[in-house]
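**Q** Whatever this is, show me its structure:
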Amino acid sequence: MTGSFKYGVSTYSYVDDYGSVMTLEDAFDHIAGTGATGIEILGEAQVVGYPEPSSAWLDTWFRLVDTYKLEPTNICSWVDMRLTLTRNLTVEEGAAEIERDLRLAHKLGFKFLRPKFGVTSFDLIPESNWEAYTERNLDLAHKLGVIICPEIHAPTPIKHVVVDGYINFIERTGTKNFGLMVDTGIFQDRPLTHWGSHQINEEARKHMEFLNGIKVNPEEFLDIAKYVVFVQAKFHDISDDLEDQHIPWRPVISAIKRSGYSGYLSSEYEGLRSPWRAIDQVRRQQTLLRKLEREYDESVAGKA
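**A** Predicted coordinates for the structure are as follows:
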């Protein structure tokens with residue numbers, strides 16, 4: 001069984017351009033210009049007046065959604081476990097932050113909410129209260145039609161206690177409003193030369209080995225596919241001849257197609273932050289992903 005992907009773009013791709021040489025409407029325009037149909041945002045970065053935008057800002061948001069025919073896909077949020085330095089958030093406080101962002105997601109028309117839980121280790125093990133304050137919001141998420149989806153992000157691989165914990169939570173609660181978001185940076189198999197605006201030196205590599213790529217086998221996607229609700233198509237550099245310099249997209253696309261996943265691939269550029277470079281890089285990735293999906297479909301049809 002194979003699915004057909006939907007294509008979107010995260011405004012995080014334009015993080016250094018946004019607010020300096022790019023407005024929210026510019027971002028809508030660039031995303032629609034790639035042929036994508038979905039927009040993903042960062043709540044604290046793109047929602048003026050977050051978490052309670054004004055009626056004027058809401059009018060602008062829905063005008064842009066209607067004008068550019070983009071579907072709000074995922075809104076990224078953070079659970080600030082260390083809001084104070086003296087203690088972590090209580091379960092009640094964490095639940096209130098998730099509730100706040102669920103309501104905002106619903107108000108703006110988003111179907112997915114990615115909460116970034118506070119972590120306690122370099123391999124991103126979430127703080128112990130995540131399960132309790134998330135479970136308190138499952139009924140609300142169901143009522144609002146929003147799926148909570150924490151991110152599987154390097155340096156956390158698929159075969160890891162973090163992923164096991166999320167899957168166990170889904171199985172224990174039986175919820176349909178909690179799932180996995182996979183960041184394709186986990187499939188990176190070649191070292192980065194730049195991370196954002198910074199050239200990576202050997203000292204940085206010693207302390208952040210994931211910059212060299214954690215090289216998760218794309219076939220492992222099939223092991224968790226039934227729990228995956230959203231894919232952030234992370235990338236760092238695509239050449240003039242549409243070759244990704246770090247992510248092995250052909251086996252990645254093959255695995256995701258064979259899994260039956262038919263949701264969004266949402267471009268998330270995290271490469272060199274030169275002005276306007278992200279716009280061209282996102283266009284390249286959107287072209288590359290569609291090309292690989294088309295080639296995969298043609299190869300399957302040829303074997304039928």
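
**Q** okay, now residue 191: neighbour count?
**A** Other residues lying near residue 191 total 13 when counted by other C-beta atoms under 10 Å. Placement of C-beta: from N, CA and C, glycine included.

**Q** ah, wrong one, I meant residue 161
**A** 12.

**Q** quick one: pLDDT of the nearest residue to it once chain neighbours are set aside?
**A** By the measure of C-beta to C-beta, 6 or more residues apart in numbering, the closest residue to residue 161 outside its immediate chain neighbours is residue 125, 6.8 Å from it. The score at residue 125 is 94. That number is its pLDDT.

**Q** Surely residue 125 touches residue 163?
**A** No - if you go by C-beta atoms under 8 Å, residue 125 and residue 163 don't touch, sitting 10.9 Å apart.

**Q** ok, those two, which is more surrounded?
**A** residue 163 (20 against 16).

**Q** Next, the contact list for the more buried one, please.
**A** Contacts for residue 163 were tallied using C-beta atoms under 8 Å, 6 or more residues apart in numbering; they are 152, 156-157, 180, 224.

**Q** Please narrow those to those residing in strands.
**A** Within the contacts of residue 163, residues falling in strands by DSSP state E are 152, 180.

**Q** wait, which of the contacts of residue 163 is closest to residue 238?
**A** Of all the contacts of residue 163, residue 238 sits closest to residue 152, with 22.4 Å by C-beta to C-beta.

**Q** quick one: the helices in the stretch 51-200 of the chain?
**A** Under the criterion DSSP state H, counting those that start in this stretch, the stretch 51-200 of the chain carries helices at the ranges 55-68, 91-108, 130-135, 138-144, 161-173.

**Q** Mean pLDDT for those helices - can I get that in JSON lines?
**A** Below are the helices of the stretch 51-200 of the chain laid out as JSON lines (pLDDT from 0 to 100):
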{"stretch": "helix 55-68", "mean pLDDT": "98"}
{"stretch": "helix 91-108", "mean pLDDT": "97"}
{"stretch": "helix 130-135", "mean pLDDT": "97"}
{"stretch": "helix 138-144", "mean pLDDT": "98"}
{"stretch": "helix 161-173", "mean pLDDT": "98"}
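
**Q** Which single one of the contacts of residue 163 is nearest to residue 96?
**A** Closest to residue 96, out of all of the contacts of residue 163 and judged by C-beta to C-beta, is residue 180, at 24.0 Å.

**Q** Which residues does that closest one form beta bridges with?
**A** Under DSSP bridges, the beta-bridge partners of residue 180 are residue 228.

**Q** Pretty sure it sits against residue 165.
**A** No - look at residue 180 against residue 165 with C-beta under 8 Å: they stay out of range, at 11.1 Å.

**Q** more neighbours, those two?
**A** residue 180 (21 against 15).

**Q** quick one: contacts for the more buried one?
**A** By C-beta under 8 Å, 6+ apart, residue 180 lies in contact with 149-150, 152, 163, 166-167, 224, 227-229.

**Q** Which stretches in the protein count as strands?
**A** 6-10, 38-42, 71-78, 112-116, 147-148, 151-152, 180-183, 194-195, 198-199, 228-235, 264-269.

**Q** Point out the most buried one among those.
**A** Ranked by mean neighbour count, those are led by strand 264-269 with a mean of 26 (mean count of other C-beta atoms under 10 Å).

**Q** Quick check: neighbours of that strand in the sheet, parallel or antiparallel?
**A** Assessed with DSSP bridges, strand 264-269 is paired to strand 6-10 (parallel), strand 228-235 (parallel).

**Q** Could you provide the contacts of residue 163 in a markdown table, with additional columns for pLDDT and distance to residue 284?
**A** A markdown table is the format used below for those (pLDDT from 0 to 100; distance: C-beta to C-beta, whole Å):
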| residue | pLDDT | distance to residue 284 |
| --- | --- | --- |
| 152 | 98 | 25 |
| 156 | 96 | 27 |
| 157 | 97 | 27 |
| 180 | 98 | 27 |
| 224 | 98 | 28 |
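
**Q** Turn the contacts of residue 163 into JSON lines, including distance to residue 233.
**A** Putting those into JSON lines (distance: C-beta to C-beta, whole Å) gives the following:
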{"residue": "152", "distance to residue 233": "13"}
{"residue": "156", "distance to residue 233": "17"}
{"residue": "157", "distance to residue 233": "18"}
{"residue": "180", "distance to residue 233": "15"}
{"residue": "224", "distance to residue 233": "17"}
